[in-house]
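# Mind looking at a prediction? Sequence and model below.
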Amino acid sequence: MAEPGELFRLDRPRLRASFDRASGSYEASAALQARVADELLERLAAFDFEPRVVLDLGSGTGRVTRALKRRYRRALVIALDIAPGMLREAQRHQGLLRRFARVCADAQRLPLQDASVDLVFSSLMLQWCEPLAQALGEVRRVLTPPGFFAFSTLGPDTLHELRAAWAAVDEKSHVNRFLDVHDVGDALAHAGLAEPVLDVDRLTLTYPDTLSLMRDLKAIGAHNVTAGRPRTLLGTGRLARMSAAYEPFRRDGRLPSTYEVIYGACWGAAGARALPGPGAAEVHIAPAAIRRRATRA
């Protein structure tokens, strides 16, 4: 039997293919992703940046890249995504006077020079990076020492209803695993990124049935891409049992789907060396630095 950690290992070729296939349907179904990205953009407004180079890390279809170019008109703005289809869609967001570069690459191996980026913006992409430390190490490497990193990612309470419903059916991995806010904070500190500040929000989408939820996840490319996923087609019997197990969560005639969103911000390394690795030092995040809100979408 595979170890629990191995069950949740992400299959990166499958991840890339999944988002590539979803590129055409992504924007029509990505209401939550757009809402989170807009919140992250709003938080940037508090800082008086004049970056020369801006990286939209995990840019998807480029909607947010366009907003970054609108805000930082003099900057070189780069849309970087693992899926070629997403970058083809991003072409639609190019303006005659607001053009941005498009780069197809993996966040785990950025094709950018050391200390070449002043602002890294990444919304709901880091949860697809495993190990997270590798992606954050790349952010630290390409970020200038006084540069800024603003991001959002998903926490472990995300899709907990769907996870619980599938657990009543079998022991397979049906939902991706997400890191706790403290684990994210530890990873930032170990990467050598300075003064991390994190807070947590909860958003709830509602659906008439589980089929609608699963269609939404498929449309944005958020498939189960873990190593422990079922390797055969799901039969109608198993889907029916999962749907029945989801029913106790129903409220006011709708099925809820929770998303735990972690927002974070930190500065470049400013010459600091990264800590040697997990277990070598203990990192503490003050409870007052973590704020929690609950929002229904």
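Right, received. Where do you want to start?

# Tell me the helices and strands packed up against the lengthiest helix in the chain.
When the chain is scanned for its longest helix (criterion: DSSP state H), the result is helix 31-44. Under the contact criterion of 3 or more C-beta pairs under 8 Å, 6 or more residues apart in numbering; DSSP states H and E, helix 31-44 touches helix 63-71, strand 117-123, strand 143-154, strand 194-207, strand 255-267. For glycine as for every other residue, the C-beta is placed from the backbone atoms N, C-alpha and C.

# Give me the sheet partners of the second one and which way each runs.
Same thing as strand 117-123. strand 53-57 (parallel), strand 143-154 (parallel) (DSSP bridges).

# Could you tell me the angle between the direction of the first one and that of helix 31-44?
Angle, strand 53-57 to helix 31-44, by axes from the mean of the first three to the mean of the last three C-alpha atoms, to 10 degrees: 150 degrees.

# One more: the last one?
Between the axis of strand 143-154 and that of helix 31-44 there is an angle of 140 degrees, by the same axes, to 10 degrees.

# Next secondary structure element downstream of strand 143-154?
As assigned by DSSP states H and E, the chain's next helix or strand after strand 143-154 is helix 160-167.

# Dump the C-alpha coordinates for that following helix into CSV.
C-alpha atoms of helix 160-167 as CSV (Å, rounded to 0.1, in the frame of the first residue of the first chain):
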residue,chain,number,x,y,z
HIS,A,160,-13.9,19.5,2.8
GLU,A,161,-17.5,18.6,2.0
LEU,A,162,-16.5,16.8,-1.2
ARG,A,163,-13.6,15.1,0.5
ALA,A,164,-15.9,13.8,3.3
ALA,A,165,-18.5,12.6,0.8
TRP,A,166,-15.9,10.6,-1.2
ALA,A,167,-14.4,9.2,2.0
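
# how far out from the middle of the chain is that helix?
Mean-position distance between helix 160-167 and its chain equals 20 Å (C-alpha atoms, centre = their mean, to the nearest Å).

# Not counting that helix itself, show me its contacts.
Helix 160-167 has contacts (C-beta atoms under 8 Å, 6 or more residues apart in numbering) with 172, 174-175, 210, 213, 242-243, 245-246, 249, 255-258.

# can you check stretch 47-57 too?
By C-beta under 8 Å, 6+ apart, the surrounding residues in contact with stretch 47-57 are 62, 64-65, 68-69, 72, 74-80, 100, 107, 112, 116-122, 125, 139, 142, 147-148, 151.

# How many residues are close by D199?
D199 has 16 neighbours, counted by other C-beta atoms under 10 Å.

# quick thing: my sequence starts at 47, can you match it?
Got it, the first residue is 47 from now on, which makes the last one we talked about D245.

# Distance-wise, check it relative to D203.
From D245 across to D203, the span is 14 Å (C-beta to C-beta, to the nearest Å).

# Pop out the phi and psi values for the nearest residue to I124 once chain neighbours are set aside.
Excluding the flanking residues, the one nearest I124 by C-beta to C-beta, 6 or more residues apart in numbering is A147, at 4.6 Å. Main-chain torsions, A147, degrees, to the nearest 10: phi -80, psi 150.

# element containing the residue of the chain most remote from its centre?
Distance from the centre of the chain peaks at G283, with 32.0 Å (C-alpha atoms, centre = their mean). Per DSSP H and E, G283 falls inside helix 282-292.

# Buried residues, that helix. List them.
284, 287-289, 291-292 (16 or more other C-beta atoms under 10 Å).

# hang on, the earlier thing: compare the strands paired with strand 163-169 and give me the one nearest L86.
strand 189-200 (5.2 Å; C-beta to C-beta).

# list the buried ones in the closest one?
Across strand 189-200, burial judged by 16+ other C-beta under 10 Å covers 189-190, 193-200.
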